[in-house]
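In: Fold the following and give me the result.
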Amino acid sequence: MRRISLWMVAALILGGCGSGDSKDANQPKDANSVAEMPTTTTAPGLRADGLVREPAVAGLWYPDKVQDLARQITGLLSSTAAGVSGKVRAMIVPHAGIRFSGLTAAVAYKQLMGQDVRTVVILAPSHTATFPGASIPDVKAYRTPLGLTALSPKAAELAKVHPFKPAPKVTVRRPDWWTKASKVAPPAGQETPHTWEHSLEIQLPFLQWILGTFQLVPVVYGTVDEAAAAEVLDKQIDDETVIVASSDLSHHHPYDMARSLDAWCVKAVREMDIKSMRAQEACGKSPILTVMHLAKKHGWKPHILDYRNSGDLRGGRKDSVVGYMAAVFVEEGAVKSQPLSEADRTGLLKLARQTITNAVTKKPLPRVDPSKLSAKLLKPKACFVTLKLKADDTLRGCIGQTLPIKRLFIATMESAVNAALRDRRFKPVSAGELDEIAIEISVLTVPKPIYYNTPNDLLKALRPNVDGVILEVPVVKGNRRGTARSVYLPSVWKDIPEPVEFMNRLSVKAGLRPEMWRQPQASVRTFQVEEFGEPKE
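Out: Numbers count the residues shown, from 1 in each chain. Have a look, this model is predicted:
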């Protein structure tokens, strides 16, 4: 991968180990910061050298500019919550254009944040060709505006076993938009079920953004025996594999009728009713049934996360709608996050130090070659960077992020610069102070909501010295509504050990009265950290 120059996004911060800023601190304002990977302007379908499946619907079903696409994805992810516990093994995700079903898709994909995933199997229905079996293309990678995703070796192995097969050359029903995609297209007779298929491609930008580096097994379904497909697929999956069943629900019914039809489909998934699912209208019914067979075999539990249809969108027409569902199948039990290696910790601290030095002395930020970094540093992770004076351990700056939207090495660089120059409680760090400051990095788990009935229940649920806490309280100023937000890292418990005082101070930090955390409208999320710092001198 090419070397990249990183720009800073001041909006993606929470100051002072969390601030009381009522703005959405996870919504990026500077698109330059996300331009990590090259864009593409080549033709859709299979590239001439046969190695890459180029995007067919970029610029039509989702943005074709990396900055616009990244802004849209981060905005959607920031509007959703990661609410399930346990390891996500499979999911059902819609595949309409991102402006229609993107929010529902984001609800599903948000659940993958913080999980170790190396392989993603996408099972997608064909909308342009009729054929027997489940097809796998003979390519090395798929491309989107966010870059290339390599195929897993498992794809070729799977293609050898019925009902899976190499993608056949077929006569396709070219969609009515195909001439808008490019003036160049594969010649007649050279198209496969994958050439124009949007239902698989539309999933990739979310996966690339959330997982960073992973390997893909792309499957487009024709006519398939779902039980047989599940049996074969089961031999190729492992604990670091996630299966995505791409499907919308009912199509082109009036709003009320669609909701009624979709309620039966949602019920079939929730109750793992395979017989009922076979009678549904979902276009990705076969991928869903394959996942349900696997879930039944392994005891994965279904969770319905979101349902809506296109008529629920602002200005959406009600006479003819399409239904969207987000669901995940979970292997219950705690998800264990593997700690960073000593080499990764040392590398991040050196990167943070060099970044701060360059920023303070007004030099270009360090140039980073992602190909030389470990897989853990390339995964999206939230982090805080804390600066302390070596002489007496006094805080000199602390800013970070709470959601894993950026790759860890990028999040570290951004937090380092912001902690040094943009913590509103302190003057910017000067060049003369660089040798007097020690750097600490806290890598966060994905925040999880705490559900409680009374303030006392919340106090009992908090774990001093273990949990970091994010407090959010709705506020109204005049005619404007917003959210007051603040965060404390687990290390703050050392200074504020009593839970009541901890929450009172957190409320004040958000710009509120001390008791405002007790309001019924208040919400609390907790997270844990992996914390490490420069050696004490």
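
In: so what's Lys110 scoring on pLDDT?
Out: You'll see Lys110 listed with a pLDDT of 89.

In: what number of residues lie near it?
Out: A count of neighbours around Lys110, defined by other Cβ atoms under 10 Å, yields 25. For glycine as for every other residue, the C-beta is placed from the backbone atoms N, C-alpha and C.

In: Same check on Val321?
Out: Per other Cβ under 10 Å, the neighbour tally for Val321 reads 27.

In: From Ser310, how far off is it?
Out: Counting by Cβ to Cβ, to the nearest Å, the gap from Val321 to Ser310 is 5 Å.

In: Could you list every helix and strand in contact with the helix or strand harbouring Ala359?
Out: In this assignment (DSSP states H and E), Ala359 forms part of helix 342-360. Secondary-structure packing of helix 342-360 (3 or more Cβ pairs under 8 Å, 6 or more residues apart in numbering; DSSP states H and E): helix 375-378, helix 408-421, strand 437-444, strand 529-533.

In: Can you lay out the ones you listed as a markdown table showing distance to Gly347 and mean neighbour count?
Out: Output for those, formatted as a markdown table (distance: least, Cβ to Cβ, whole Å; neighbours: other Cβ atoms under 10 Å):
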| stretch | distance to Gly347 | mean neighbour count |
| --- | --- | --- |
| helix 375-378 | 7 | 18 |
| helix 408-421 | 8 | 26 |
| strand 437-444 | 11 | 23 |
| strand 529-533 | 11 | 17 |
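
In: Out of these, which gets the lowest mean score?
Out: Lowest mean pLDDT within those: helix 375-378, a mean of 90.

In: any residues touching it, and which ones?
Out: By Cβ atoms under 8 Å, 6 or more residues apart in numbering, the list of residues contacting helix 375-378 from outside reads Gly212, Thr213, Gln338, Leu340, Ser341, Asp344, Gly347, Leu348, Pro370, Arg407, Leu408, Phe409.

In: same question, stretch 314-321
Out: The contact list for stretch 314-321 (Cβ under 8 Å, 6+ apart) reads Ser250, His252, His253, Pro254, Tyr255, Ala258, Asn309, Ser310, Gly311.

In: tell me which residues of it are tucked away?
Out: Val321 (16 or more other Cβ atoms under 10 Å).

In: With stretch 475-489 instead?
Out: So stretch 475-489, judged by 16+ other Cβ under 10 Å, has buried residues Val475, Ala484, Arg485, Ser486, Val487, Tyr488, Leu489.

In: Output the helices and strands packed on helix 342-360 as CSV; include the columns distance to Thr357.
Out: Shown next, in CSV, are the helices and strands packed on helix 342-360 (distance: least, Cβ to Cβ, whole Å):
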stretch, distance to Thr357
helix 375-378, 20
helix 408-421, 9
strand 437-444, 10
strand 529-533, 17
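
In: what residue is smack in the middle of the protein?
Out: Ile210 (3.4 Å; Cα atoms, centre = their mean).

In: ok, so what distance separates that residue from Leu204?
Out: Plainly put, Ile210 is 11 Å away from Leu204 if you go by Cβ to Cβ.

In: got it, and Thr80?
Out: Computed with Cβ to Cβ, the distance linking Thr80 and Leu204 is 19 Å.

In: what's the answer for Val242, then?
Out: Distance from Val242 to Leu204, by Cβ to Cβ: 13 Å.

In: And Ala58, by the same measure?
Out: Distance, Ala58 to Leu204, using Cβ to Cβ: 10 Å.

In: anything in contact with each of these two?
Out: Thr144.

In: For Leu471, list the residues it contacts.
Out: Arg485, Ser486, Val487, Met503, Leu506, Ser507, Ala510, Trp517, Ala522, Ser523, Val524.

In: want to try CSV for these, with distance to His293 as columns?
Out: Listed next are the contacts of Leu471 as CSV, based on distance: Cβ to Cβ, whole Å:
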residue, distance to His293
Arg485, 43
Ser486, 46
Val487, 42
Met503, 47
Leu506, 47
Ser507, 49
Ala510, 48
Trp517, 46
Ala522, 43
Ser523, 37
Val524, 39
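
In: relative to strand 437-444, how tilted is the helix or strand containing Gly482?
Out: If you go by DSSP H and E, Gly482 is part of strand 480-488. Angle of strand 480-488 versus strand 437-444, following axes from the mean of the first three to the mean of the last three Cα atoms, to 10 degrees, is 110 degrees.

In: Neighbouring strands - and their directions - for strand 480-488?
Out: If you go by DSSP bridges, strand 480-488 pairs up with strand 468-477 (antiparallel).

In: mind exporting the strand it pairs with as CSV, just the C-alpha atoms?
Out: The C-alpha coordinates for strand 468-477 follow below in CSV (Å, rounded to 0.1, in the frame of the first residue of the first chain):
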residue,chain,number,x,y,z
GLY,A,468,-14.3,4.3,32.0
VAL,A,469,-17.6,6.2,31.8
ILE,A,470,-19.4,8.2,29.2
LEU,A,471,-22.3,10.4,30.3
GLU,A,472,-24.8,11.8,27.9
VAL,A,473,-27.7,14.0,28.9
PRO,A,474,-30.2,15.7,26.6
VAL,A,475,-30.3,19.5,27.0
VAL,A,476,-32.5,22.3,25.6
LYS,A,477,-31.2,25.8,25.1
